[in-house]
Every structure is written in C-alpha cells, then in structure tokens.
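1. Predicted model follows, preceded by the sequence.
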There are 2 protein chains.
Amino acid sequence: MLTMQDALARLTGYWTAQGCLTVQPMNTEVGAGTLNPATFLRVLGPEPWRVVYVEPSVRPDDSRYGENPNRLQTHTQLQVILKPDPGDPQELYLGSLAALGVDVTAHDVRFVEDNWASPALGAWGLGWEVWLDGLEITQFTYFQQAGGVNLDPVSVEITYGIERIIMALQEKTHFKEIEYGPGVTYGEVFGQSEYEMSRYYLDDADIDTNRRLLELYAAEAQRLIDDGLPVPAHTYVLKCSHTFNVLDARGAVSTAERAAEFARMRRLAGDVAKLWVARRDELGHPLGVTPPPGPRVIAPVAVLDPEPHPVVVEIGTEEMPPAEARSALAQVERLLTERLAATRLAHGGIRVYATPRRLIAVVADVAAREPDTTRTVRGPRVAVAYARDGSPTPALLGFARKMHVDPGDVHDDGTQVYAEVFQAGAGALDVLGEVLAQVVTGLRSARNMRWSDPELAFTRPIRWLVALWGPHVVPAFASALPAGRRTRLLRTAADPVVPVASAETFMETVALGGVVADAADRRELIVTGAQDLVYGVGRVDVTGEAELIDQITYLVEQPVPLLGTFGEDYLVLPDVVLTTVMRKHQRYLPVRDETGALLPLFVAVANGPVSVDRVRAGNEAVLRARFEDAAFFYRADRRTPIAAMRDRLARLTFTDKLGSMADRAARIAALAAAIAPAGVDRVVLERAGELVKFDLGSQLVTEMTSLAGIMARDYAEHAGEPTAVAQAVHETELPRHAGDDLPASLPGAVLSLADRLDLVAGLAATVGLPTGSSDPFAVRRAVLGLIAVHREHPTLAAISLREALAEAARRQPVEVPAEVLDAVGAFLAARLEQVLVEEGQPVDWVRAVLPHADRPSVADRLLYELSTLVGDETFEAVAAAIQRARRIVPEGTPAAYDPAALTEPAEIALHEAVGTVPSPDGSLTRYTRDAAVVVGPIARFFDEVFVMADDPAVRAARLGLLATVRDLGAGLIDWAQLRR
Amino acid sequence: MLTMQDALARLTGYWTAQGCLTVQPMNTEVGAGTLNPATFLRVLGPEPWRVVYVEPSVRPDDSRYGENPNRLQTHTQLQVILKPDPGDPQELYLGSLAALGVDVTAHDVRFVEDNWASPALGAWGLGWEVWLDGLEITQFTYFQQAGGVNLDPVSVEITYGIERIIMALQEKTHFKEIEYGPGVTYGEVFGQSEYEMSRYYLDDADIDTNRRLLELYAAEAQRLIDDGLPVPAHTYVLKCSHTFNVLDARGAVSTAERAAEFARMRRLAGDVAKLWVARRDELGHPLGVTPPPGPRVIAPVAVLDPEPHPVVVEIGTEEMPPAEARSALAQVERLLTERLAATRLAHGGIRVYATPRRLIAVVADVAAREPDTTRTVRGPRVAVAYARDGSPTPALLGFARKMHVDPGDVHDDGTQVYAEVFQAGAGALDVLGEVLAQVVTGLRSARNMRWSDPELAFTRPIRWLVALWGPHVVPAFASALPAGRRTRLLRTAADPVVPVASAETFMETVALGGVVADAADRRELIVTGAQDLVYGVGRVDVTGEAELIDQITYLVEQPVPLLGTFGEDYLVLPDVVLTTVMRKHQRYLPVRDETGALLPLFVAVANGPVSVDRVRAGNEAVLRARFEDAAFFYRADRRTPIAAMRDRLARLTFTDKLGSMADRAARIAALAAAIAPAGVDRVVLERAGELVKFDLGSQLVTEMTSLAGIMARDYAEHAGEPTAVAQAVHETELPRHAGDDLPASLPGAVLSLADRLDLVAGLAATVGLPTGSSDPFAVRRAVLGLIAVHREHPTLAAISLREALAEAARRQPVEVPAEVLDAVGAFLAARLEQVLVEEGQPVDWVRAVLPHADRPSVADRLLYELSTLVGDETFEAVAAAIQRARRIVPEGTPAAYDPAALTEPAEIALHEAVGTVPSPDGSLTRYTRDAAVVVGPIARFFDEVFVMADDPAVRAARLGLLATVRDLGAGLIDWAQLRR
C-alpha cells in the first residue's frame, strides 16, 4: 500500500525531476502553503522559480478534536510553484498522479472551475479544483496577484490535499485510519496532537494573550517594513494571520475587529510584497529574469488551389467554466461573422461548437481568393494637380506614382483628381490568418486571466490552435500561439495529440477521438444515458434538473453516465441536504421513485472512457464521505440548543458597516413587528422573529449555505418549536431566487419582507444600488423578492414597501439619506414594471398601476380589474372623460372652483354629477360604476360649453370643474397612461 | 554532482527504508531538531519510535549576514531517532553515508567523543561527533534524559549538519556556493533571507517587543500545562526558547535574566515531559510498548578436554573516549585478577589491551578444571544428633542426607557432629563464564550511559563479547549479551565480522584484520610514521605533543599517519591559534622547522587503510575552513576596539550568584590593587586591571576559550597598549594547568593571584570546595595556581594568601562566612603539602613549614634552609632541645616564669642563655646560629636539674623556663614535625 509518507516522497521526487527545488515548510504556523515565502514572495517579480514543498497547514477553525473523519486543524499540503507557466502544467500535473500510481486513463480526472482569493493577502488567481472520481484532490491556480501586485510572469500554483488523496487511494473513511508509514496509522502518530491542538484552538487559547500577541506581531511587522526587511516582516505578517485565526476560532473576533484586522494584514502584506520586489531589483535578480517569448515567424505559403474549401478553426483551451464556454461560443460566432464580413472572401454558413476544452468554428465553402476589385482614390485638387499650362504638377505625378497608375490614368471631377486603383484579391490563407488572430485575441470572459502568453487574456489559457482551409494550414499566430493542424483529443487517449488531414475531416477526427463537439449531442447522451441507467428502478427528473444537466454538458467532452449507490441510512437526512450535496458539490443527478421520493442512487457523468467500476467506487466513496460529513454536522446541530446556534451569529459579519448577522437578525425581527398589519399572528411572528437566521450558526449551514432556512425549520421543529414558528423562520429566507417558493404563512411573509427591506436599506446606503451586472450583495434579487412576496399576499396590501423601507432605514446602524430611499423607490418601481411587462401585461396598463409600486399586490389587483374593464363601454367612457379633461386643463390647475360662477345648464349638470361621485375605495370596478354618472354630463359639457370664456371668473370656474373631472379616480390608477 | 536537495532526499529515503517515519519540520522556530516534538516528546516513555526529518535550525547568535563561510543563522539539520537503540546504530549510520555516495572504506570516518546537554531542557546524552576526514558532519548521541525524565528505552539520536556535509562533498569553501538544486546555489536561494534574518536577530529585533513576547509565551505554556495539554504547551516552550535566543543575540539578556529564564524553561520543559508521559500512559501507548529482551539461554556444554589453554576475553564496544579506554583497561585487569583469584582455577599471567573499540584480556595456561577438594561441614550438636541410646536422630539423618554422605560418615568432635564433604572442581568453562559476566557487568566509567541492554551501564555501549578457552567458547551472558567467537575487525574491512578459531589464534586474527591491539604499538606507529613523513622537512615535537599523541593512540585501532599542508598565508595568525586549532579541534600534530617555527604542514592520523589522497584532501579542506574561520574572527577582533570587547563581558555570566564576567573582572582589578605589595608597578597594574579578561568578549576567544589571555596580549599590543600591560593581562590567566607557564612580571603575578583568589572565594561560598573528582569550576586548579604563582615570586612573599582571600571575600556579591575561609585555608595547606611531597621533599620537613602555607614562597625558602641545615650539629642540637622541652612540658604551659624562683646554676645559666636569643627574623639559618647559645645550657639543665620539684613555685618556674625553650623559633617552623 502506498503510505502517506511514500506519497509525499514520490510527489516531491516527481516535481524535483521536473526542475523544482525542494524547500522546507515554513517554520512558523501558516494556514496554507501559499503563505510560505517560497510562494508568496517568489511569485513576485520577474525571476523564474520552480519549487515543491510540503506544508502542514494550520486552520484553527477546522479543529474537531480529531473526531470528524475529514477535517483537521492541521492538514498536509504539498505545494508546487511553476514560474513561469510552462505551457503544459496540466499535463505535468497528470504525470504527478501517475507517479502516485494513479492510472489516469482508468480514473475520471477533471478540472472543475474553482477560483481562489485571499483578501487578507491581496492575492487571487483563477483555476480549478481537480477531481479524481468526484473527489477534490488538488487546487490548481494561475496566480494573478499577490500583495496587491500584478504577477508577471504568472505562476502556476498546484496544491495537493494529501490526506484526502491518500484516504481515496487507501480507501479509508477516517483520516486517522490512513496508513502513514508502514504499519503505523495517522491517528497513532498525530491523533494526540490533533486532539490537543483542537483543545487549544477551540477552548484553551487565552484570548487576551493572543490579542496582545497579535498587536506585538503587527507592530514588529510594521517596524521591519520601515527598516526595509521584507523577509522577517513577512514572517511577522504570517504570525499576525495565524494569531488572528486562533482568535477567530475562539470566537473572539468582533465584526469591527475582523474588518480592521483584514485591512491591516492586507496593508502589511502589500508593503512586504512591494518591498520584496524592490529588493530583488536592487539585488539584480539573483535567479535571473524570465526570458520573453521567441519571435513569431510565419513562413510564406504559396498555395495554388483555386477550389473553395471549408474552413475549420479550433481554439484549444484548458477547461473553461461552463458559463464561459457558452459565452465564448457566442463570441466566436459573432467575431467570426463580423470579421469575415469585413473581408471580400466568399464563404458559406458558419457553425460553432464548444466543449470545456475547445471552441470549434466550421465555415462552409470558403473561396480560394477574394475577387480583384478597383477603388477610386482621390488626389490633390485640380488647381494643385495641374500647372497653368495644364501640365501635371509634381503633386499629381507623386500621387500617380503612389497609386501605381500612369499619370495619364488620373482623371478629375472638376474639383479634385482621382484614380481608379486596382486591388488584387488576397488569398484565402492570408485573409483567414488575419481573421483568426482577430477572433482569438478578441475573446473575453467575465473574469480574464493571464498565463504565459504575452498578449492573450481569457477565462483560461488557450493552448493550441487548429486552422485549416481544406487541407491547408492557415499560417497565423494569435499572440505567441501558432496555428497548425494538430488537435488534442481526450488527455487519456492513447494518442492525445493528432494531426488533422483537412478541414473536411476535422469533425470526424475529433469525433473518432472521442470528443463530442456538439453540446446538444452531449446533452442527449447524458439524458438518455441517465434514463437508461435507472430504467425500471426509478427516474431522473430531467426537467427539474435541466440546469444541472446543462452544466454537466459543459463539464465533459464525452459524457459517460454511470449509476452509483449510497447507503440507505443516509435517506434519514433531509431530502434537500442530500440533493444539495449531490447537485451542488458533486454534480450528480438524484434518482427518485414514482412518488418523487429519493432513492439511494445517483447518476454521475464521467468524461471519456474510464474504468466504470473504479470511477463508480470512487464517486460512491466521495458521496459517502460527503454524506457522512453532513450527517455528522446534522447530528451535532440537532444536539445543539437553538440559542447556542443563534449566539454564534454575533461572530458572523454581515458587512463591515452593517454589523453582524446577530444585529441583522434583531433588526429583521423588530421591523417585522413594526410593519405587520392586523391579521398576522403576533405570537408566531414574535417567536419566529427571535429565531430568524439562527441556522447560520449551525455547522451544516456553515458548510452548505444554500440550506439556510431549510435547516432552520428542521432544527426548530426538532427543538419543539411550533410548526408555524418553524415554518415562518424558514419562510423568512424565501424566495431565494427567481421562481423559488414564496412564504405561505403571513408571519413568514412579513419576516421575508423585513429581511429584504433591511438588506436593501442598509446596502443601498453603504454600497449603493446595483448597476449593470454588478450586484455583489444581490440587492436586485432582494427587491424582486419584496415584489413577489407582496404580490403573493393581498392580505398584506396594507404594507407600503416605501414606508416599510423608511422604517428599516431608521433601524440601520448607518444613516440612510432621504434621496437614497427615493432612489430605492424608483428602483423598486422599475423592477415591478419590468416584471409585469415580462409577464405579458400591456405596458400602458402596467404604467397605469405603477403609482402602486410600493404595494405590488394592489397593482396586481388593479391590473386584474383593468383586464375585466377594458372594452367595457362605461369604463372606456370614464377613462376618455378623464383623459379629455386632462388634455384641456393646463397643468397645475387646481381642482377647485366657485359653483356660483357656473351658469350654463350643461356645466351645472356636470357640476352636480361630479358631486355625486364618491372617492375611490380602491376598487376600479366599483369606481367605474360610481363615475359612470359623469359620462353623459361631460359629453354634453364639451358639446355645449366653451371653456375659454372671456370672463376670467367664468373661465376659472369651468377649468376648475374640468380639473375636478381630471382628478376623478386619482390615486387609483394613472389614467393618463392608458392607451387611447 | 549530488545537490543539497538530493542529499536530503537520499538520507530521508535511506532512513525510511530502515523503518523510520518521515515527518515535517516544526512549524515554529527551533534551534535544533531535538526540540521538535518528534524527538523531545517521543523519546519519552516506553513506545518505540523511529523517525527521520529535516529541521531548519535557527540560531540567532550565529547570524553573520551570510558573510562567514561556515556560519548561518538557519542551518539545515537532518534528524534521526531510533528508539529503542537497534543494537547496530553505527553500522546503520555508515549505511546512510554510503547512500550519500560516500565510500566509507576510502574515507576516514571516525566517532570522536562528544557529549551533549541542554540544561534549559533538562536533557543530555552521551555519544560522538562523527568525523569525515576530520570534518564534523554528524552528532550521534545516546539520549539519556529529556525534561529531567530518565529515558527508558534509550533513543539513538543522529543529527546531520547538512550544509557541512554538502560543502565537503561538493568541495565548496562558502555555504553560498553549495549547489542546492541543479544549477542553483544556496546563496541564490537563501542568501537574501540569510542577510535579512541576520539583520533582524543582530540589529533590528525590537527588544521590548521580544521581552513581552517571552512573557506571554511563558504564561501560555504554564496555562496549558495547568490545562493538561503537553502538545501546545511544548510549542510555547519552544517559542520561549527562540525568543530568548533572539534577545540574547541582541545582547539584551542580563546575567540575572539568563539564570531566571533557564530555570523557567527547564521547569516548563520538565512539566511538559511529565505531562506527556502521563498522557501516553492514559492513552494506553498508541504505538505499543518496547518489548523486553528475550530470555538468556546458555546451552549446557560438555567439553572433555583435560589440557590447559589460554583464555581470551574481548569486550567489544562502540568508540570509547580515550581516557575511558585507559581506565577500562585497568579495570579489566583488576577485576579479572580478583575474580579469578576467588576461584580455584589455576592460570598463568594476565595481559590486557585496549583500543577505542575493544578491551582484550589474555590469560595464559588456564586449567581445564578446578581441583576437587573436601571441606568440613558442621552439623547439629551431639546432644541433638544422637538419641539416648546412641542411635542417630532424625536431625543427624537429615544432615547426612543434605550433605550427601552416609550417616556412618558423620563424625563428632564431642560437641558437634561434622562431615567431610567432597567438592568436585568446576570445569573451566563454567568458572570462566561466571568470571566473565562479573568482569563485564563490573565495568564502570566516569559517566555511564544506558543503551538497549537491560542491565549494563558503561561509557559507551558494549556490543559483542568474545570468550574462548582454547578452541572452546565460554558459554556466558553479560546481561543480555552472549559471549561467542565472532570478533569484529575494522568496520571498513571486507569482512568486518569474523570467527576466531581459538584463544591461541585470537591476537593473530585481530592483527591480521588490521587492529593494532597494543597501545604501545599504536603509539610507536604514530610517532615513527609522523617522523618519517616530515623527515628532511621539519620535525614533530614528540615530547611536547606527548599528551596529544597519547590521545590519538586511543582514537584509532590502526594508525595511518598522513601529511597535510595548509596555505602559508595562515602563518600570519598567532602560532597558538594555529596549534590550538590543530591540536584541540582536529588532533593534528603541528610540524616545525629547526628553529621551532611552525611550518604549513600537519600530520593527521587516520584509522585503518584509507585512500590517503582523499583523506588528506578532506583534512586539508577542514583545516582551511577552520583557519579561515579563525582568520575571520582574528581580523574582526583586531578591528574591534578593546573597550567594545570589554563591554561584552557584561553579557557573559560567570555564575548565577557571582555575577557577570564584567563583575568578576572589576573585582580582580580592585583586589589586585589592594594586595599588591610595594615594588609592583602601579601604573601597569592599574591599566592591566582595567583590561583583565577583555578578550573573553572577542570572537576568537568565544570560539576557542583556551586562547583567553593569549589573544588579550595580541589585541592589546595591536591596540597600542604598553607591552608590560599587555603582558600582565595575558599573565592574569597563567597558569592554566599544572606545569603551565607562570606570570613573569610582578603585575601579572598579582593579577593572577587576584583572579584565583576571587574565583576561590566566590565559589567556595556558593558551590563549595571540590570533593573527590567533582570540581566543575576547577577550584583545585585555581588553588594550585595560587601556590605556584606565590612560590614563583619571592618578592610577593609579603602577600598572605589567607589575608588576601579575606580581601577577596569582602568583594564578593555573596557573604563568605569565616568558616568557609577557614576551610579554604585548610584546603590550601593540604594542597601545598601534597605538592611539596610530590616534589620529593621529606614529609617531616614539609609539615614543619606548613604553618606558612598561606605564604608558599616562605615555605619554599624554609625548606631550602632545612635542606642546608639538616645534619648540621648546631641545628640538630637546637631542634633536639626544642623538641625535648616540648615533650616534658605539659601542653598549655605558658612560656613565662618568675626568674627569682630559679635557684640551680644550671637553670640560671639556661635562663640567661635563653634571654640572649633574639626573636626569629624569618631566616632559619640565622636563627639556628642565634639559638646555638642554648644548646650547652639546656644539656646541662637536663643533666642537673630535676624539673618536677616538690616546691610548686620552683616547679612552675622550671616548667615556664622549659616552655620558653619549647617556644624558641616558634612561628618559624613547626619543630615538632621534624623527625628525630
């Protein structure tokens, strides 16, 4: 059996053979290998650096006394840095797995999007977690920034989680059972330390002592920065970081402290980074400087092939995130269409495909050349072009020479000379080369990264280009990357890199190599494969899981669904816990019986031909561990009093300025009490308010935040809370996204509103409202939630969201200015308008009810009334009367008049009719009926009365009368918006 | 080339293959691998443990900004723990060198005594430094105690100094040039860190911050001990230790602080150790318990060989320290003689030999059996033995049965019955087996250690026993170690373990195997070999280097002298620096020309057949590095002002209670001024007093303490001090040992006395006077120094050491009680007596002059006078007269009388003669002449006068007169001691 110590030695040996230096772990406590100066400092600056080292990584917060099978206060990382990016780091990485004895052709090894950022270090990178049969074994990152400094060159950072890998390889279910050395288990060697250090971090560390240590460390770090010594300064930054983590694990860090400490560490780390860069410059870069890429040479090609050919362009990448692959597909289609259109090259239809690792564009029937053409080029003015004697001046001669025409072929239009210049059509290869470069360099993603290429920036590195026009390679470079005819198949293929004969055979070549290029085909393989696997046993909810299936479609190039099982025992866990783990963490499709109940089965989708049995076993083990983890947390949570969980909210920051989650929960409860109208069960509301968000303090929700609310209901019921209370606490979190369930109970609905009002008020004042796609705190979603909940509960129509928002604003720890509340009101109205229009309501109706945007359920009712009234003669007449009055009466005219000034019978009749119309009671239908009395009199009024009488008093009275008509039904709807 | 990282990997791999676990370095700063819990905690208790790990070891005090070629603030240790001792750890270790590619048969690998102790950790062990061609590359220790806890089983601790080994293997002269990885030097990788961390430790570490950290760490350690958590507590003890080292490197630790911190750390470490042991007990020893040794089975042997044979006993050990080997030789001789004498086995002469690895005893002509014999055994009384009828009683019958005799063979002597019992002589093998076990288990050394044997304790492990009587193995065990016929030759022999045919061939077998058993033969090989090597070039001072040669004789089993050279440049260093390095550090013999001037040559003595060229090259490189180091320090010291060096004395502790070296130096200067008699140059004395011991603050003396005083003279002269001052400062340190040079100048002599008086007064009061062999502070040597210096300078006769000691006592920071001063006086007298007797002076003379023990030079002069006077008639008569008077006069009789009571002429004549004798002026010769006048009268007095007259008044006067005679010359010598 490969022991853990052997594994460390093999990996170290493997990377050493790849040119890595071996160094030692940091001799002060660090949370990750990244913090070791061999990474944090060495990734800075231009010096090349390759290193491998082991790093026992201390995470006080992960202390579990050694009881949790997968969680340790100190776990073992093996860290590799490759600087600069060697161009094939994934392949090198797969080699390291082989060195561990992992048959990567039999297992399902996958690169699944996972980016990394350490705000406290001003560091981030993009990359993946690497999955081995579903188990996350490695973090693989292109390091982009450290200490706030942009990294150039970029480093590849590979971090192996050794305990996890070994547990998988040794098939152990608890880290203590790992065979660390021959005949000696991990638990035997490190068990006592794991327990005692957990005791220290969770229970026994003296808070005051650690606080004082933190201050001393920070001061020493600053002093050393001032002294210009980045190396010892960095050591003290690490000591700060660890000590902060200790305090945090002891629950001793307040919201304000956390923000301040992060800011301080970020500042210190940034200073250290800058100082290091400066020092290395001064030292003249002892390890040398990374050389720039070699020159790009495009050999001229002479292809005399007059026939049109299809063109294939393949942009080969490392695994793109699914959303980025889809976006890139659209971009390629657009860019290629546009760029080709800008040439004169004739071509047929364009088809584009995307997989995680490639973007393929196929263009039919691309001509061999652009047609020749001429163009008119204008030259000097006639007066300048010819001398007085009509002879050509040097200006004209120069123009002719420049245009390569005979001076005699220069004509004039009386004002200016011109020449018809011949333009030879360019060959397809030349044209396509330029188009290709433009397409590739034009690709962008939501978050772009750099790698070893000097100019390219994209979601993940672009590693190869195929570009063929028929059998001919299109000679081109995209930045430093040359196009060619060699494509890459699945990494596990016997021959992973193969030449493609021609554009015509390209799709066949990749298809034969196992790559299913078309997403629709892959989706079909997944869906039918999954259904076949569960046929007769259960079913996969293809519709319900559509989003997940779409994602999986872009996670594999050759879907290989396989059926796995798990222990029936786990079915006692809440359904949502199981499905969350399956879907979110593992991308497994749940399997249900005909009643919809979960079966102890799942469908995983591997990539390419694997050993199904091994991959199944691996995935089953991963799921078991995940479920075991969840079960562990679930049981622990159920043993924990609700009050204890709620107490932990004080340790969770909401935002720097808006306090802790405990603060927020208290605000929500108070606000709910304040805004709840009569009819809401006050007892339930009050108790539910006390419990709001308590499950954020549970272990399970800490692990799986998407279960917030759901677990609250479970734990509350388990603790003996009334069902209505548990329900309301759960419903506070609803809706979590568009289309989600809405609170069914009134207390739940009120709390849900209060939750969102608190969030919107606070964030609008501190962060601002969402703009464009930037909405880090999901304020837009909260506003949509307000609308949805309000609409769902007409009983709550009395609640004005605008007024409730003002209530929420008063409870914020920051001032919320009036103009912010106005802006939120406008934002709310705009969202409501958008929602209603998208639901298919006529825009004019929507606009007519928008004055009720702060009571969306009122708007809803009015819309419904409109739908029944529109076309009704009376309603149309009333509306027409009101609109007609509005058109005549100048703006600002008050709806008041002296009835004594009215003399005409028609106007007196109108006056009398208007007087009988009651104020609207909210119902448009009723009001229409009530207002019907004015329809006849107003028609008569317009027929018989000249409003603009000479006598000003008469005129004023008549206008006042009309203004009164104009204001009929005011506040009910905006009559002016109704389309005529 | 083997890079440093390869070396670490190879060693780790090698030890892993030997069953060691691989663990990681400690993630807090430690000064040595020993501090890692994988050593410090794991060596405690009964659990077996084998481990290998790398430990970057931080020694703030060794910071040199990366400038010194051999000294780093962080050097790399590779640490191995083997628990229990596997029985062959040296052989395993040699295997590790082979794994590094070191051909141990070509190189000279040696185990040179070097013990280890860490008072701050309550830890110690015995063992060696391992030399590779003279270079110390490894510390090899049998760990005996940690945290004050005795270790059972004992662990073997092997600590490689990686940078040193690699520098040797790569033939580099500066650590920065080490090839760390392929194409990358150590300096390129770690140079900046080495510089910056040196800056931190030497210049920039904030003292107040580190002081506060130390307090916080210590408090946290204590708190965790109280909480029963040894693992985190240990971490904080390590943080204490490192922080203390930082403060120390910054020069911020006072004497009082150092003592207090050491005591605190020792206490904390002890508590941690005890707690760990208790916890492991509670946990039931997760790694199991070391099994006890198997049973000892001695198969019965039946040898029917009637001839006498020689006996050979070989006790095979790991390398004994030279002094211990010599002591063991004597012990074996004594024990064997005694034990054999206690048997009836006839045997011839006994010869014993010793080498570093074996003790051999050869006994000639050992008989095959003890002779048979009979002995008389007494039984019951007759009254009990026989019934009234004379028949034997059951008592008699029982006696006869017990004695295996027929009741008829029981006789009686009238009172008691007896039997003549036959005693068969035991066979030689049985007798020898018992003798052998007694000899081996009876061996002891000055400092005994334990290893894997359950009962044996000796200076180093005993690993094999050969015991042969002629061709027969003596079947025996010494504790768990069986005797056999397999001896071990040099470890590098082709066949290092060989069977021996018989006792007769034993010496031949080991001799053929290359072992020179007889020390005299080895010494001869060294001396003649060395002289041959330098013949015609220079000479080795065989007499002057006798002590070193004796030592080398016991460092090798087969001396192979070789001649090495060093750069002539180094000859500019003071002679003593060079020879100290050669002799003390390297055991090389210096080579001089006919004028006595050093030549750039040395003779090293390798052990056994090596590749002379390689070993020479290695030794030359080591010497070069040592000289380079010394030259570095020497140059640096010469650049340092004397005052700056002297300032550093405040940082050096003399003893906890007696203050710093600065305190001591000040006391010496003041005392010298106080005791200096007229005639001593006061100007020189005062300036020299200001400088006393300043060179203890120099780098060179810090490295080579034996150069104290010598360097003071050099540096003082270099700094422009007058020669007389420089000389006196130097002479303060003289004599350093018996037979050493004595101060030539008076100021030097006075300072030397003051130095020793201060030491003796302070230590006698705080530590006590030496007892037996225990004299840690060399008080005995200091007293001998006082005697020697005083004797050397009769000019200083006026100084009473007794009074000067009282002066010194008054200056101590502690009270020195009168009885302590008395004890010192008695100690001084006893030493003087011993010295003088050993010089061959007659004991009676010596005792006669001992009243002057506080002025040894006076005693000397009197002894000289005695030697001229003894045999002189007058002197003998005077002495006889005085002694005769003493014998007659009762003790306590005052030397006073009423002359009027004298009546007899003889007594009146004596009275008159006595009255003419002047008081002694110090000269015995003169006094003899002066006192001659009493010789006649006293003879006459005894002839004529009856002392014990009846008249009490007369009797009193006569006794008073005789008492006056008795007291003649009192205070000059103790006449009573002179032999008649």
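-> That came in fine, so what should we check first? Numbers count the residues shown, from 1 in each chain, chains lettered A, B, ... in the order given.
2. give me every residue that touches A:A252.
-> Listed by CB atoms under 8 Å, 6 or more residues apart in numbering or on different chains, the contact set of A:A252 reads A:207, A:210-211. Where C-beta positions appear, they are placed from N, C-alpha and C, glycine not excepted.
3. what's the span of stretch A:100-108 from first residue to last?
-> 15 Å (CA to CA, to the nearest Å).
4. so, in contact with chain B or not, that stretch?
-> No - if you take CB under 8 Å from any CB of the partner chain as the test, stretch A:100-108 misses chain B, and the best it gets is 15.9 Å.
5. which of the residues in the worst-scoring helix or strand of chain A on mean pLDDT are buried?
-> Lowest mean confidence among the helices and strands of chain A (mean pLDDT, DSSP states H and E): strand A:653-655, at a mean of 84. For strand A:653-655, burial by neighbour count (16 or more other CB atoms under 10 Å in any protein chain shown) applies to A:653-655.
6. Repeat that for stretch A:427-443.
-> Across stretch A:427-443, burial judged by 16+ other CB under 10 Å covers A:427-441, A:443.
7. Could you point out which residue ranges in the stretch 1-150 of chain A have low pLDDT?
-> Along the stretch 1-150 of chain A, the model assigns pLDDT under 70 to no residue.
8. now the strands for it?
-> Under the criterion DSSP state E, counting those that start in this stretch, the stretch 1-150 of chain A contains strands at A:21-22, A:49-58, A:74-83, A:109-113, A:116-118, A:123-132, A:135-146, A:149-161.
9. one step back: neighbour-wise, which of the contacts of A:A252 leads?
-> A:N210 (20 neighbours; other CB atoms under 10 Å in any protein chain shown).
10. Is it in contact with A:L247, as I believe?
-> Yes - A:N210 is within contact range of A:L247, at 5.2 Å (criterion: CB atoms under 8 Å).
11. okay if I get the buried residues of strand A:653-655 as JSON lines plus distance to chain B?
-> Below are the buried residues of strand A:653-655 laid out as JSON lines (distance: CB to the nearest CB, whole Å):
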{"residue": "A:T653", "distance to chain B": "27"}
{"residue": "A:F654", "distance to chain B": "33"}
{"residue": "A:T655", "distance to chain B": "33"}
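12. what's the closest non-adjacent residue to the residue in the stretch 751-900 of chain A positioned nearest to chain B?
-> When distances are taken as CB to the nearest CB, the stretch 751-900 of chain A reaches nearest to chain B at A:P813, 34.1 Å away. Among residues not flanking A:P813 along the chain, A:G659 sits closest, at 5.5 Å (CB to CB, 6 or more residues apart in numbering or on different chains).
13. Tell me where the stretch 851-980 of chain A has strands.
-> So, for the stretch 851-980 of chain A - with DSSP E, counting those that start in this stretch - there are no strands.
14. Now do the contacts for the spatially closest residue to A:L910 that is not a sequence neighbour.
-> Using CB to CB, 6+ apart and skipping the chain neighbours, the partner closest in space to A:L910 is A:P937 (4.1 Å). Residues in contact with A:P937 (CB under 8 Å, 6+ apart) are A:906, A:909-910, A:912-914.
15. now, which of these lie within helices?
-> Of the positions in the contacts of A:P937, A:906, A:909-910, A:912-914 sit in helices, assigned by DSSP state H.
16. which one among those gets closest to chain B?
-> Distances from chain B to those, taken by CB to the nearest CB, are shortest for A:V914, at 85.2 Å.
17. correct me, but the closest one touches A:L968?
-> Yes - between A:V914 and A:L968 there is a contact under CB under 8 Å: 7.3 Å.
18. What's the ChimeraX line that selects buried ones from the contacts of A:P937?
-> Buried residues among the contacts of A:P937 (16+ other CB under 10 Å), as a ChimeraX selection:
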select /A:906,909,910,913,914
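19. tell me which residues in stretch A:923-940 are buried?
-> Neighbour-count burial for stretch A:923-940 flags A:924-925, A:927-928, A:930-935, A:937-940 (criterion: 16+ other CB under 10 Å).
20. can you put the residues you listed in JSON lines and add distance to B:L832?
-> Putting these into JSON lines (distance: CB to CB, whole Å) gives the following:
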{"residue": "A:L924", "distance to B:L832": "130"}
{"residue": "A:T925", "distance to B:L832": "133"}
{"residue": "A:Y927", "distance to B:L832": "133"}
{"residue": "A:T928", "distance to B:L832": "136"}
{"residue": "A:D930", "distance to B:L832": "137"}
{"residue": "A:A931", "distance to B:L832": "137"}
{"residue": "A:A932", "distance to B:L832": "142"}
{"residue": "A:V933", "distance to B:L832": "144"}
{"residue": "A:V934", "distance to B:L832": "142"}
{"residue": "A:V935", "distance to B:L832": "144"}
{"residue": "A:P937", "distance to B:L832": "147"}
{"residue": "A:I938", "distance to B:L832": "144"}
{"residue": "A:A939", "distance to B:L832": "148"}
{"residue": "A:R940", "distance to B:L832": "151"}
